[in-house]
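Asker: sharing a model that was predicted from the sequence below.
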Amino acid sequence: MRPANETNGPMRANLKILLAFAISLLAVLTLSRLLLVGWQWQRVADAGMLQSVFVQGLRFDLVLLGMFLAIPVLLLPLLASNRWLVPAWRVLLWTCLPAALLVAFFMELSSVSFIQQFDARPNILFFEYLNHPREVGATLWAAYKLPLLLAVVGVGGGSFVAIRSFRRMAAEVTPMGVLRALAVTPVLLIVCLGMIRSTTDHRPVNPSTVALSGDPLVNELALNSAYTALYALYETRHESEGGFRYAELEDDAVVADVRDGMWVASEDFVSASLPTLHRQESGATRNAHKNLVIIVEESLGAEFVGALGGLDLTPNLDAMSKHGLWFENLYATGTRSVRGLEAIVSGFTPTPARSVVKLPKSQRDFFTLADLLQREGYSTSFIYGGEAQFDNMRRFFVNNGFERIIDEDDYENPVFTGSWGVSDEDLFARAHEEFSAAGERPFFSLVFTSSNHSPFQFPDGRIKLYDEDRNSVNNAVKYADYALGAFINEARQSSYWDDTVFLIVADHNSRVYGNELVPVHRFHIPGLILGGSVAPDTFAPVASQIDLAPTLLSLIGVTSEHPMIGHDLTQPGSREVPGRAIMQFNTSQAYMMGDRVAVLQKDLPVRQFVYEDGRLAEAATEDPALEQKALAHAAWSSMAYEQGLYRLPPEAEQFAQRVAAGTDRNGS
């Protein structure tokens, strides 16, 4: 029998070089993070993120390590198992491992200049600028000679040391045999996959996981620059910019058509560079701004709401509809939660691309109500029962005005936890606790429910079941209505009720399907604005989720400047004109004005319909103006996203504009 050390020697030699790579990579990334934190110490301290930066930083360094090691591990049983292929294995080890290490090293060296320029770790802009090597090279040489020279020396010296060290270790590698290679590979692969996923939750970690403060740069210090660059490429691979175009239109024509449909006087547009930025006067006279709470009900289509002619599943919402501003013909902009959140919180119109909640160019400096209201002195929060990193919500919200994020990990002893997080009653109990303790500062909070989501789990003993099958959508809707009703009843007795405006609205329907190009009836959702200062009323014309934010600003008494193109439905005459709604359904988009609907399809002519009795009927006559408006609004969404037009100007610039206009911060 061969000695144990002789038997295991080849395996130890192979594992030794992989371990050396792991230690080297983690050392480089940790040292870089230490230096970056020291450089940005005040911001890290102000954000209270010191511990998180290093704990989460190690986590994401292991993610990168797992990604780099996965390919060598997969090739190990093929190349390291026999004497004919082991020379190729040695070459791979002493070339690819140092190359990966030097990529990470180079990206960390690049971070300082990139942070100085963009206040962020390398992202998609890093690759976009590679398309202009001459301009970028000249800029780097003019502005960053010393860092550039240090990077060249550092990478050159690091390459020499790394290649020499790994070549020496690779020379010690000998064939480990097929059986040993097959035995060790699954173990190493599981370790790599575990590091890459870095969690046992439903979804792997992503940059949203570390969006723990209101400072985007500090959040990104918990990542590493090779990861942020690779993740940006991953996002771009899933992104067709702002989506494909239904027609080629000139930018000026698009802006003109969109502005024409905004109900805004020409003198109220306040920026030459941000085409839709305009001043909106509040329709309410307030001594102080009202609090604002937006409750987004998961998957609550009109078909489940008795007050909209649906099933008798929402007795509480039906009763509330008589005590606030009730929308009879409100339509969602899409079929996903992030699309609804995009419209409700940002007033942004849909595109054929993914929601801006997930797209890279909108992760900073993208307009939201939270950003606007934070500038007006509000505290801002997002309260959710599930994992806030889902669909990149945490990252988008934290980077665009939301000061606090409360999600599943922040609930102590919830009464019920399902697949999508804590129950709606736990969610509302936490919301009530937060609002009751808010103090004198006005607050804005987005509260997002999740109980009405497949697999439709909720606590026992709350409702009389509508269906025999307990975990059905109808029963989940009934429970969601129960929890909502209990919260509103409690809120009515609270100290904050009279000073708060509430919006209750669905993100989208439970299922959006049908045999029409766009199943318009499946986009019909409930919407209700109520509170101590809101008079009972019904709004009958067509309305869109994008109209809600401007309407709310008016009701809470905030006069402001913003880029939203939605309508303030409190304006006089808003009920005398046909409303409009925009709906994205896969690659098609519907633009509905009154009962006329233009449907845009990729690479096909626009088709026009009349919406009657919940169905689309071919229009007998074409309306060229309707087609033009539909195409312009679809183009505007993509244009605004791609060109960075949907944002607020820096506060100093905005203040200067207000001074020039003779108004103060509150519009007085």
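Answerer: Sure thing, it's come through.

Asker: make it CA atoms for all contacts and neighbour counts henceforth
Answerer: Noted.

Asker: the strands in the stretch 101-250 of the chain, which residues?
Answerer: Read by DSSP state E, counting those that start in this stretch, the stretch 101-250 of the chain holds no strands at all.

Asker: same question but for the stretch 501-650 of the chain, I mixed them up
Answerer: Secondary structure of the stretch 501-650 of the chain by DSSP E, counting those that start in this stretch: the strands cover 524-531, 537-544, 560-562, 580-585, 588-593, 596-601, 604-612, 615-618.

Asker: output the contacting helices and strands for the first one.
Answerer: Contact partners of strand 524-531 among helices and strands, from 3 or more C-alpha pairs under 8 Å, 6 or more residues apart in numbering; DSSP states H and E: strand 325-331, strand 500-506.

Asker: what of the fourth one?
Answerer: When contacts are defined as 3+ C-alpha pairs under 8 Å, 6+ apart, strand 580-585 packs onto strand 325-331, strand 537-544, strand 588-593.

Asker: kindly recompute the last result at 6 Å.
Answerer: Helices and strands touching strand 580-585, by 3 or more C-alpha pairs under 6 Å, 6 or more residues apart in numbering; DSSP states H and E, are strand 537-544, strand 588-593.

Asker: quick one: distance of that strand to the chain centre.
Answerer: The chain centroid and the centroid of strand 580-585 are separated by 20 Å, computed with C-alpha atoms, centre = their mean, to the nearest Å.

Asker: for the stretch 251-400 of the chain, which residues score under the pLDDT cut-off?
Answerer: Applying pLDDT under 70 to the stretch 251-400 of the chain flags the ranges 286.

Asker: can you map out the helices along it?
Answerer: 251-260, 315-320, 337-346, 369-375, 393-399 (DSSP state H, counting those that start in this stretch).

Asker: so for residue 533, which of the ones you listed sits nearest?
Answerer: helix 315-320 (14.5 Å; C-alpha to C-alpha).

Asker: list the buried residues in the closest one.
Answerer: For helix 315-320, the neighbour count (16 or more other C-alpha atoms under 10 Å) marks 315-318, 320 as buried.

Asker: longest helix in this structure, by residue count?
Answerer: When the chain is parsed with DSSP state H, its longest helix is helix 4-39.

Asker: where does the chain have its least confident helix or strand?
Answerer: When the helices and strands of the chain are scored by mean pLDDT, DSSP states H and E, helix 651-661 comes last with a mean of 55.

Asker: about what we covered before: pick the most buried one from the strands of the stretch 501-650 of the chain.
Answerer: Sort the strands of the stretch 501-650 of the chain by mean neighbour count, taking mean count of other C-alpha atoms under 10 Å, and strand 524-531 sits at the top with a mean of 26.

Asker: could you measure from the most centrally placed residue in the chain over to residue 344?
Answerer: Note on the chain: the residue nearest the mean C-alpha position is residue 357, at 2.8 Å, using C-alpha atoms, centre = their mean. Look at residue 357 and residue 344: by C-alpha to C-alpha, to the nearest Å, they are 12 Å apart.

Asker: any weak-confidence spans in the stretch 1-150 of the chain?
Answerer: Along the stretch 1-150 of the chain, the parts satisfying pLDDT under 70 run over 1-8, 128-145, 147.

Asker: quick one, helices of it?
Answerer: Per DSSP H, counting those that start in this stretch, the stretch 1-150 of the chain carries helices over the ranges 4-39, 41-47, 50-79, 86-118, 124-128, 133-143, 145-171.

Asker: which one of the ones you listed lies nearest to residue 531?
Answerer: Distance to residue 531, taken as C-alpha to C-alpha, is lowest for helix 41-47 among the helices of the stretch 1-150 of the chain, at 34.2 Å.

Asker: can you show me the CA trace of the closest one as CSV?
Answerer: Presented in CSV, the C-alpha positions along helix 41-47 are these (Å, rounded to 0.1, in the frame of the first residue of the first chain):
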residue,chain,number,x,y,z
TRP,A,41,-14.4,57.7,6.8
GLN,A,42,-16.7,60.6,7.6
ARG,A,43,-19.4,59.3,5.2
VAL,A,44,-19.1,55.8,6.6
ALA,A,45,-19.4,57.1,10.2
ASP,A,46,-22.4,59.3,9.3
ALA,A,47,-24.2,56.4,7.8
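
Asker: can you redo the helices and strands packed on strand 524-531 as CSV with mean neighbour count and distance to residue 488?
Answerer: Shown next, in CSV, are the helices and strands packed on strand 524-531 (neighbours: other C-alpha atoms under 10 Å; distance: least, C-alpha to C-alpha, whole Å):
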stretch, mean neighbour count, distance to residue 488
strand 325-331, 24, 15
strand 500-506, 24, 9
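
Asker: of all these, which one is nearest residue 515?
Answerer: Checking the helices and strands packed on strand 524-531 against residue 515 by C-alpha to C-alpha gives strand 325-331 as the closest, at 18.6 Å.

Asker: show me what that closest one packs onto, helices and strands only.
Answerer: So strand 325-331, by 3+ C-alpha pairs under 6 Å, 6+ apart, packs with strand 524-531, strand 537-544.

Asker: between that strand and strand 524-531, how big is the angle?
Answerer: 160 degrees (axes from the mean of the first three to the mean of the last three C-alpha atoms, to 10 degrees).

Asker: could I have strand 325-331 exported to PDB, CA atoms only?
Answerer: Only the C-alpha atoms of strand 325-331 are listed here, as PDB (Å, rounded to 0.1, in the frame of the first residue of the first chain):
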ATOM      1  CA  LEU A 325     -62.000  59.900  -3.200                       C
ATOM      2  CA  TRP A 326     -62.900  56.700  -5.100                       C
ATOM      3  CA  PHE A 327     -61.600  56.000  -8.600                       C
ATOM      4  CA  GLU A 328     -64.100  54.000 -10.700                       C
ATOM      5  CA  ASN A 329     -61.900  53.700 -13.800                       C
ATOM      6  CA  LEU A 330     -58.300  53.500 -12.600                       C
ATOM      7  CA  TYR A 331     -55.800  51.400 -14.600                       C
END
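
Asker: adjacent strands (with direction) for that strand?
Answerer: Note on strand 325-331: by DSSP bridges, its sheet partners are strand 524-531 (antiparallel), strand 537-544 (parallel).

Asker: so who does residue 305 touch?
Answerer: Contact analysis of residue 305 by C-alpha atoms under 6 Å, 6 or more residues apart in numbering lists 311, 314.

Asker: repeat that for 8 Å
Answerer: Shown in contact with residue 305 (C-alpha atoms under 8 Å, 6 or more residues apart in numbering): 311-314, 317-318, 526.

Asker: now do residue 577
Answerer: Going by C-alpha under 8 Å, 6+ apart, residue 577 touches residue 541.

Asker: what does residue 151 give?
Answerer: 106, 109-110.

Asker: gap between it and residue 98?
Answerer: 16 Å.

Asker: just residue 245 next, same as before
Answerer: Noted for residue 245: a distance of 43 Å to residue 98, by C-alpha to C-alpha.
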